[in-house]
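[1] I'd like to go over a predicted model; first the sequence, then the structure.
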Amino acid sequence: MIVIMKVNASSEAIDRVQQEIEKLSYEHHLIEGATRTVIGVLGNKPLRGKQHLQSLPEVADVMEVSSPYKLASREWKQADTIVKVGSASIGGDRVSVIAGPCSIESYEQTKTVGEVVKAAGGNLLRGGAFKPRTSPYSFQGLGEEGLKIINQVGKEVGLPTVVEVTDTEVMDVCVEYTDMLQIGTRNMQNYTLLKEAARTMKPILLKRGMSATINETLLAAEYILNEGNDQVVLCERGIRTFVDHTRNTLDVSAIPAFNRLSHLPVIVDPSHAAGKRHKVLPLALAGVAAGAHGVMVEVHPNPEQALSDGPQQLVPEDFKDLVDRIRIVAQAVGRELD
Ligand code: PEP
Ligand code: MN
């Protein structure tokens with residue numbers, strides 16, 4: 001449940017209500033708004049003490065949070081969460097652009113793409129160092145060497161970086177070299193990995209599982225928030241459906257759903273949804289039009305030679321065009337490119 005304090009309640013009043021909550025053996029989280037403070041109450045004895053808390057003079061109201069996820073819900077926190085990644089901020093009225101190669105293949109390749117992303121107005125540099133490939137015979141990533149490359153390029157071009165952490169074994173090294181940790185679609189329900197990533201207190205890009213519902217995705221986010229890390233960005237990257245004209249189906253309708261149910265920012269990844277370059281631009285624009293707080297796309301200087309996901313990676317020219325068009329659509333829906 002959430003305890004809504006009266007407008008402009010003093011800090012003493014807030015302290016007193018928190019003490020009452022502790023007497024009931026609940027945990028509490030403070031959510032400070034511009035004029036009103038809300039105290040989130042967590043515990044597994046639903047609603048015990050509700051009437052008592054409601055009767056306190058400093059309290060305006062006590063409400064139940066009806067969804068299974070609590071900390072991730074809009075009921076719990078109304079204002080949009082802004083996620084800070086180095087110099088970049090994701091969420092609110094901005095649209096952020098995250099771009100980079102599918103896999104980090106070499107310093108030269110990553111540097112070329114990094115410069116393109118920066119020059120076009122991108123906000124974050126992405127790249128995979130540990131690749132979750134369907135086949136064990138496919139390129140598995142450069143590992144730690146790849147992390148060192150993206151770290152160096154990020155610093156040289158002035159962009160924070162995001163890299164997927166595929167396993168708890170590589171957590172420490174990912175934390176050392178990157179600004180944001182990505183949890184991939186295949187690991188969305190790997191709860192051990194989610195908790196360990198959360199505890200690093202790095203911002204987290206959580207990709208929706210390719211067969212996960214909205215509810216399951218927000219419960220996965222809840223695992224991270226429940227560790228005390230509220231810096232979570234959700235990512236719609238396409239789901240498995242019966243159609244065979246596309247790799248995955250970008251679930252555009254998930255974006256307004258996430259925005260309504262949760263305060264967390266949500267971005268789209270049209271590259272992994274489409275699997276084909278020509279669909280990336282229209283799907284990216286559709287995502288922004290539907291309310292996405294950002295777009296993540298793959299860019300490669302020479303996609304024919306790419307070691308992974310060649311057919312979906314954009315060439316630098318197309319990426320520049322994409323950013324220009326995202327800017328126009330963002331304005332049309334009352335947002336601005338960061
Ligand atoms: C990626 O972004 O590099 C990736 C592997 O994506 P996904 O987990 O969505 O397949
Ligand atoms: Mn990829």
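    Noted; the coordinates are in hand. Ligands and ions are numbered 1, 2, ... in the order given.

[2] CA only for contacts and neighbour counts going forward, please
    Noted.

[3] dump the residue contacts of the residue of the chain found nearest ligand 1.
    Scanning the chain for proximity to ligand 1 using C-alpha to the nearest ligand atom identifies Gly184 as nearest, at 3.4 Å. Residues touching Gly184, when contacts are defined by C-alpha atoms under 8 Å, 6 or more residues apart in numbering, comprise Glu164, Val165, Thr166, Leu206, Lys207, Arg208, Gly209.

[4] among those residues, name the ones in strands.
    Judged by DSSP state E, these include Glu164, Leu206, Lys207 as members of strands.

[5] confidence score at Gly128?
    According to the predicted model, the pLDDT of Gly128 comes to 98.

[6] residues contacting it?
    Contacts here follow C-alpha under 8 Å, 6+ apart; on that basis Gly128 touches Pro101, Cys102, Ser103, Ile104, Gly141, Gly146, Val163, Glu164.

[7] pipe these into a markdown table and attach distance to Glu222 and pLDDT per row.
    What follows is the contacts of Gly128, written out as a markdown table (distance: C-alpha to C-alpha, whole Å; pLDDT from 0 to 100):
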| residue | distance to Glu222 | pLDDT |
| --- | --- | --- |
| Pro101 | 29 | 98 |
| Cys102 | 27 | 98 |
| Ser103 | 29 | 98 |
| Ile104 | 30 | 98 |
| Gly141 | 30 | 97 |
| Gly146 | 30 | 98 |
| Val163 | 21 | 98 |
| Glu164 | 19 | 98 |
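
[8] any chance of CSV for those, columns distance to ligand 1?
    Converted to CSV, the contacts of Gly128 look like this (distance: C-alpha to the nearest ligand atom, whole Å):
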residue, distance to ligand 1
Pro101, 8
Cys102, 5
Ser103, 7
Ile104, 10
Gly141, 11
Gly146, 13
Val163, 8
Glu164, 7
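
[9] between these, which is nearest Lys70?
    Sorting those by distance to Lys70 puts Glu164 at the head of the list, at 26.0 Å, by C-alpha to C-alpha.

[10] wait, what's in contact with the closest one?
    When contacts are counted by C-alpha under 8 Å, 6+ apart, Glu164 touches Gly127, Gly128, Ala129, Phe130, Lys131, Leu181, Gln182, Ile183, Gly184.

[11] out of the contacts of Gly128, name the ones that lie in helices.
    The helices in this structure, assigned by DSSP state H, contain Gly146 from the contacts of Gly128.

[12] re the thing from before, of the contacts of Glu164 - the most surrounded one?
    Top of those by neighbour number is Gly127, holding 28 neighbours under the definition other C-alpha atoms under 10 Å.

[13] can I assume that residue is in contact with Ile149?
    No: taking contact to mean C-alpha atoms under 8 Å, the distance of 9.8 Å between Gly127 and Ile149 leaves them out of contact.

[14] find residues that contact each of the two.
    If you check Gly127 and Ile149 against C-alpha under 8 Å, 6+ apart, the residues they both contact are Ile104.
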